[in-house]
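S.K.: Quick one, structure for this:
(3 chains)
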Amino acid sequence: MKNLSGSSKRTDLSLHWQKLDKAFYERSDVLEIARDLIGKILVTRFNGVTTAGRIVETEAYNGVTDKASHAYNGRRTRRTETMYARGGLAYIYLCYGIHHLFNVVTNVENIPHAVLIRAVEPLIGQATMLERSGKPAVHPTLTKGPGNMARALGIFTRHTGLDLTGNEIFMADDGYLPDPQQLMSTPRIGVDYAGADALLPYRFILLGSPFVSGKK
DNA sequence: CTGACGATTCACT
DNA sequence: GTGAATCGTCAGC
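M.R.: Numbers count the residues shown, from 1 in each chain, chains lettered A, B, ... in the order given. Just a heads-up that it's a prediction; the model follows:
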């Protein structure tokens, strides 16, 4: 599907994308879902204002056996309750008192798998993203890293539990396919407390994207 | 009720 | 490389 004829980028994109459905999120292999999400589009639409970006970095959290997961060992609290819902809901929590981290819940009810979306490349609504972030110009730090990304897209903890097949926050496929050579897995970021599980290759990135977090 | 701390980011040395 | 910011959550008393 060829498009991107100059300035009509926005229209072309919204005409051709297809919202990801429940079946996508309810699959049992969270690693596969995390990998498949690379190249998909994350969209927010609040009060008629749309912002969207192409996902370039994700991390899988593999349920009750994963020491890095909030649901490790079946841990079930008010905060993590959403992780135990059926796939396709947003799980958003506050990190370090400042950052709102956006995850998608996967698998069926009572299996608390999730994928953290860590970075996108801005596609739609850059001006809105700049307003929200208080930044003067588009720069990789606008949507690089989970805290920055959520801020630019206007995602807050109050959106936790939202159904991602709805119209406020959703993900979509516009036919873009990442170059398999650029799709890499690495250990996850910031989960040193997880011991051996911190070494698992559960992070997926689009190699070469300036929006992928971490050092160069 | 209390204290410790985090799936981070940024300013500063 | 180091440390501060900042607050909801959670375990423990």
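
S.K.: residues of the longest strand along chain A that come out buried?
M.R.: Identified as the longest strand of chain A according to DSSP state E is strand A:49-62. The neighbour-count check on strand A:49-62 (16 or more other CB atoms under 10 Å) flags A:51-62 as buried. To be clear about C-beta, it is placed using only N, CA and C from the backbone, and glycine gets the same treatment.

S.K.: mind listing what residue A:123 touches?
M.R.: A:9, A:13, A:41, A:52-54 (CB atoms under 8 Å, 6 or more residues apart in numbering).

S.K.: Quote the end-to-end distance of stretch A:189-203.
M.R.: 8 Å (CA to CA, to the nearest Å).

S.K.: Whether that stretch contacts DNA strand C - can you check?
M.R.: No. Counting by CB under 7 Å from any atom of the strand, DNA strand C has no neighbours in stretch A:189-203; the shortest distance is 11.2 Å.

S.K.: about what we covered before: what average pLDDT does the longest strand of chain A get?
M.R.: Averaged over strand A:49-62, pLDDT sits at 98.

S.K.: if we look at the next helix or strand after it, which residues are touching it?
M.R.: Per DSSP states H and E, strand A:49-62 leads on to strand A:90-95 as the next helix or strand towards the C-terminus. For strand A:90-95, the external contacting residues (CB under 8 Å, 6+ apart) are A:70, A:79-80, A:82-83, A:100-105, A:114, A:146-147, A:150, A:155-157, A:159-164, A:169.

S.K.: how about residue A:211, secondary structure?
M.R.: Here residue A:211 is recorded as coil under DSSP: H, G, I helix; E, B strand; the rest coil.

S.K.: near DNA strand C, which residues of chain A?
M.R.: Residues of chain A lying near DNA strand C by CB under 7 Å from any atom of the strand: A:70, A:75, A:77-80, A:93-94, A:96-98, A:157.

S.K.: Quick one, which of those residues are buried?
M.R.: For these, a burial check counting by 16+ other CB under 10 Å picks out A:70, A:80, A:93, A:157.

S.K.: OK, contacts around the second one?
M.R.: Contacts were defined as CB under 8 Å, 6+ apart; by that measure residue A:80 touches A:70-71, A:91, A:112.

S.K.: Give me the subset of these that also touch DNA strand B.
M.R.: A:70-71, A:91.

S.K.: Distance to residue A:29 added to these, as a markdown table?
M.R.: Below are those laid out as a markdown table (distance: CB to CB, whole Å):
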| residue | distance to residue A:29 |
| --- | --- |
| A:70 | 20 |
| A:71 | 17 |
| A:91 | 18 |
